[in-house]
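In: sharing a model that was predicted from the sequence below.
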Amino acid sequence: MQEAKRMPSESCSAAAASFTPSALAALLREHAPLHAGESHVTGPRNSLSSNELIRLAAAADERGDLISAADLHLDLLELTRSDTYTKSATERLQKLYPMGDASRVSRNHSDTFRTAVEQSVAAGKAEVLSASPPLYLLHDVLSATEVADLRGVVARRRDLWGASHPLVCFQHDAFTGHPGLTHAFDWMRGRPGAGGRGCFAQAASRATYAHVPWSESLFVYRGQEALFDGISRRVQEMSGLHDTHAYSWQALTYEAGRDGGYADHTDCEHAADLLGRGERMATLLVYLTDDFDGGETEFPKLGLKVKPPVGSALLFYNFGPGWGGRACSAEAAHRSNRVTRGSKVVLQRWHSYQEQPFLAGRPILSQRGRRPFQPVVSCDYVSGLRTNVSCRWYNSDVPWTTA
Ligand SMILES: O=C(O)CCC(=O)C(=O)O
């Protein structure tokens with residue numbers, strides 16, 4: 001936990017250049033040599049059988065330990081992907097994050113969104129960048145003082161999470177080029193919840209993390225920072241996007257020298273149906289810096305490259321065709337271009353059509369395989385496309401963190 005205070009950006013300048021499978025394999029050989037019987041990868045997250053988990057979950061329920069019960073039901077959900085555990089984990093999370101009956105009213109969320117942004121446009125507070133899919137620039141969402149204060153909160157939380165080197169995880173061994181990783185995927189085979197991902201073990205993560213380019217996503221959950229909760233209320237008023245439909249805030253940071261950009265993707269969670277649980281109906285991006293080069297938010301299908309001024313926001317609808325359309329809109333695909341000078345800081349928040357109060361709350365996932373406050377750098381196929389691999393640093397526990 002002690003060794004790696006956040007790396008200064010000048011020492012990351014070679015990150016993107018050295019991020020090739022063979023360079024990573026060489027680093028592993030040099031800095032984290034294997035001894036007999038060892039692997040550079042960690043094992044499956046969950047070594048308990050579903051029967052054992054069911055027994056432990058029942059015991060946690062019986063003693064009224066809601067946090068452990070929710071955690072175990074989430075483990076069961078990951079292991080089995082069964083509707084039963086979706087329901088049981090949801091029930092427990094809703095008990096942990098009660099929102100009160102008043103917030104449970106059902107509403108047509110795409111209509112409230114549309115009405116509010118159209119009013120903002122009529123009042124000169126927003127402009128339309130694209131009609132289909134609907135994409136808006138909201139002016140003056142934050143004052144200069146608020147921007148400074150929010151950046152202060154982000155800096156404080158980044159310091160907390162910068163104390164340890166990250167665990168380095170990949171979605172596929174082909175990307176690292178390291179044969180050791182295949183063990184992890186073999187181990188995970190037949191475990192539907194594991195998702196075919198593997199993480200380097202601690203020594204291998206320490207040897208490689210500085211050579212992986214990444215952008216950063218720092219989750220700030222509901223109730224953790226009054227300033228963020230206040231902004232949530234304002235967003236609700238300005239955009240019609242209700243706080244009880246929102247995910248947690250994410251503070252995204254892209255630093256020149258370290259950043260590899262974030263590849264083309266849509267924000268639809270499962271690219272399925274707007275009405276599905278957790279589908280990200282709309283995305284909000286609030287910009288906290290603009291003194292950087294590169295780093296535009298680009299919508300290639302719309303021919304738009306945007307770099308909004310500090311304190312303003314982009315807001316877009318991820319489904320179609322047209323307002324209220326229920327299929328994922330390919331036209332809403334976007335990326336973050338690589339930052340080549342300075343640092344880009346953006347607040348991101350997704351909003352689902354369905355009300356899901358617990359989505360913005362701290363997830364109750366296990367810390368197994370990670371040290372306390374140890375971040376994860378995860379290199380994933382963005383949007384499921386094998387040509388689009390991007391790595392991101394996360395402060396949150398993630399399901400593919402293994403023990
Ligand atoms: O930072 C940006 O401009 C876009 C971020 C984004 O698309 C994402 O994190 O999913």
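Out: Arrived safely, thanks for sending. What you see is a predicted model; the values in this text were computed from it and never measured.
In: where does D140 land in three-state SS?
Out: Assigned by DSSP: H, G, I helix; E, B strand; the rest coil, the conformation of D140 is coil.
In: neighbours around it, how many?
Out: The local packing of D140 (other Cβ atoms under 10 Å) involves 11 other residues. Quick note: C-beta positions are derived from backbone N, CA and C, even for glycine.
In: now do the SS call for the nearest residue to it once chain neighbours are set aside.
Out: Once flanking residues are discounted, D140 sits nearest to G311: 6.0 Å by Cβ to Cβ, 6 or more residues apart in numbering. Under three-state DSSP, the three-state class of G311 is coil.
In: distance of the residue nearest to A360 when sequence neighbours are not counted relative to the ligand?
Out: The shortest distance from A360 to any residue other than its chain neighbours is 4.0 Å, reached at R222 (Cβ to Cβ, 6+ apart). Separation of R222 from the ligand (Cβ to the nearest ligand atom, to the nearest Å): 19 Å.
In: same deal with A70?
Out: 27 Å.
In: where does that residue land in three-state SS?
Out: helix.
In: looking at it, it is touching Y85, isn't it?
Out: No. A70 is not in contact with Y85 according to Cβ atoms under 8 Å; the separation is 11.0 Å.
In: so between these two, which is more surrounded?
Out: Comparing A70 with Y85 by neighbour count (other Cβ under 10 Å), the higher total belongs to A70, at 27 against 22.
In: buried residues of stretch 136-152, list them for me.
Out: Neighbour counts over stretch 136-152 (16 or more other Cβ atoms under 10 Å) mark 136-138, 141-142, 146-147, 150 as buried.
In: possible to save those residues as JSON lines with distance to G230 and pLDDT?
Out: As requested, the buried residues of stretch 136-152 are exported to JSON lines (distance: Cβ to Cβ, whole Å; pLDDT from 0 to 100):
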{"residue": "Y136", "distance to G230": "22", "pLDDT": "97"}
{"residue": "L137", "distance to G230": "22", "pLDDT": "97"}
{"residue": "L138", "distance to G230": "16", "pLDDT": "96"}
{"residue": "V141", "distance to G230": "12", "pLDDT": "96"}
{"residue": "L142", "distance to G230": "11", "pLDDT": "97"}
{"residue": "E146", "distance to G230": "9", "pLDDT": "98"}
{"residue": "V147", "distance to G230": "13", "pLDDT": "98"}
{"residue": "L150", "distance to G230": "10", "pLDDT": "98"}
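In: tell me the one of those nearest the ligand?
Out: Of all those, the ligand sits closest to L137, with 13.0 Å by Cβ to the nearest ligand atom.
In: residue contacts, the nearest residue to the closest one once chain neighbours are set aside?
Out: Computed as Cβ to Cβ, 6+ apart, the closest residue to L137 that is not its neighbour in sequence is E127, at 5.1 Å. Taking Cβ atoms under 8 Å, 6 or more residues apart in numbering, we find E127 in contact with 121, 136-137, 139.
In: closest to H245 among these?
Out: Distance to H245 across these (Cβ to Cβ) is lowest for Y136, with 17.6 Å.
In: am I right that the closest one falls within a helix?
Out: No. Counting by three-state DSSP, Y136 is not found in a helix; it is strand.
In: and the helices in the stretch 101-250 of the chain, which stretches?
Out: Using DSSP state H, counting those that start in this stretch, the helices of the stretch 101-250 of the chain run over 109-122, 144-161, 173-176, 180-188, 202-208, 226-239.
In: show the average pLDDT along the fifth one.
Out: The one in question is helix 202-208. Averaging pLDDT along helix 202-208 yields 86.
In: can you mark which positions in it are buried?
Out: Under 16+ other Cβ under 10 Å, the buried positions of helix 202-208 are 202, 204-208.
In: still on that earlier bit, which of the helices of the stretch 101-250 of the chain has the lowest average pLDDT?
Out: helix 180-188 (a mean of 59).
In: what does stretch 388-398 rub up against?
Out: Under the contact criterion Cβ under 8 Å, 6+ apart, stretch 388-398 has outside partners 157, 161, 166, 169, 171, 175, 212-219, 260-265, 363, 365-367, 370, 375-382.
In: do it and the ligand meet at all?
Out: No. Using Cβ under 6 Å from any ligand atom, stretch 388-398 stays clear of the ligand, coming no nearer than 7.7 Å.
In: picking that back up, restricted to strands, list the contacts of stretch 388-398.
Out: By the criterion of DSSP state E, membership of the contacts of stretch 388-398 in strands covers 169, 215-219, 262-265, 376-381.
In: any idea what V168 is bridged to?
Out: For V168, the beta-bridge partners are V377 (DSSP bridges).
In: ok now stretch 151-163, how far from the chain's centre?
Out: In terms of Cα atoms, centre = their mean, to the nearest Å, the centre of stretch 151-163 is set 17 Å apart from its chain centre.
In: and it, which residues are buried?
Out: Judged by neighbour count (16+ other Cβ under 10 Å), stretch 151-163 contains these buried residues: 153-154, 157-158, 161-163.
In: looking at those residues, spot the one nearest the ligand.
Out: Nearest member of the buried residues of stretch 151-163 to the ligand, counting by Cβ to the nearest ligand atom, is V154, at 13.8 Å.
In: correct me, but that closest one touches L252?
Out: No. If you go by Cβ under 8 Å, V154 and L252 don't touch, sitting 9.6 Å apart.
In: now the common contact residues for these two.
Out: Common neighbours of V154 and L252, counting by Cβ under 8 Å, 6+ apart, are 218, 345.
In: look up which residues are beta-bridged to the residue of the stretch 151-300 of the chain found nearest the ligand.
Out: The stretch 151-300 of the chain approaches the ligand most closely through T297 (3.4 Å), counting by Cβ to the nearest ligand atom. With DSSP bridges as the criterion, T297 is bridged to V306, S336.
In: C391 looks like it's in a strand, true?
Out: Yes. Under three-state DSSP, C391 falls within a strand.
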